[in-house]
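A.B. asks: Sequence first, predicted model second:
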Amino acid sequence: DVYGPPLGRKLIVFIDDLNMPKEDLYGTQQPIALLKTMLERDGFYDRGKELNWKTVKDTRFICAMGHPGGARNTVDARFASLFNIFEIEAPSEENLKAIYRSIL
């Protein structure tokens, strides 16, 4: 089975709050483990009795997350290494005022 966008197209999936899944008893975040498998192997196993392989093609992932703390957890470094990571600081109050003054 092959999943993805129509031929000649690309699919971009945006995942917000990537680090929200709670760690289980073994320290694993199951949704992130599934995403890691999809990114590394271009697919995943179906949970049915036959464990059929599902291939995912022409799909890219963009994710966002906040700093760990509160309900946010640390993401596995092996998973994070599959992405280009950028940190963007929130603008200062002065910068926000300048931005909104120019719009209004």
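C.D. replies: Perfect, thanks for sending it.
A.B. asks: hey, let's count contacts and neighbours off CA atoms from now on
C.D. replies: Noted.
A.B. asks: what about the strands in this structure?
C.D. replies: Ranges of strands within the chain are 2-3, 11-15, 43-45, 53-56, 59-63, based on DSSP state E.
A.B. asks: Go through these and pick out the most buried.
C.D. replies: Mean neighbour count, computed with mean count of other CA atoms under 10 Å, is highest for strand 43-45 among the strands of the chain, reaching a mean of 18.
A.B. asks: what pairs with it, and is each one parallel or antiparallel?
C.D. replies: strand 53-56 (antiparallel) (DSSP bridges).
A.B. asks: Quick one: distance of the strand it pairs with to the chain centre.
C.D. replies: On the basis of CA atoms, centre = their mean, to the nearest Å, strand 53-56 sits 18 Å off its chain's mean C-alpha point.
A.B. asks: Leaving out the residues flanking it, which one is nearest to the residue most central in space within the chain?
C.D. replies: The centroid of the chain falls nearest to C63 when counting by CA atoms, centre = their mean (3.8 Å). Ranked by CA to CA, 6 or more residues apart in numbering and with sequence neighbours excluded, the top spatial neighbour of C63 is I15, at 4.6 Å.
A.B. asks: wait, doesn't the one you found sit right on L35?
C.D. replies: No: I15 is beyond contact range of L35, at 10.5 Å (criterion: CA atoms under 8 Å).
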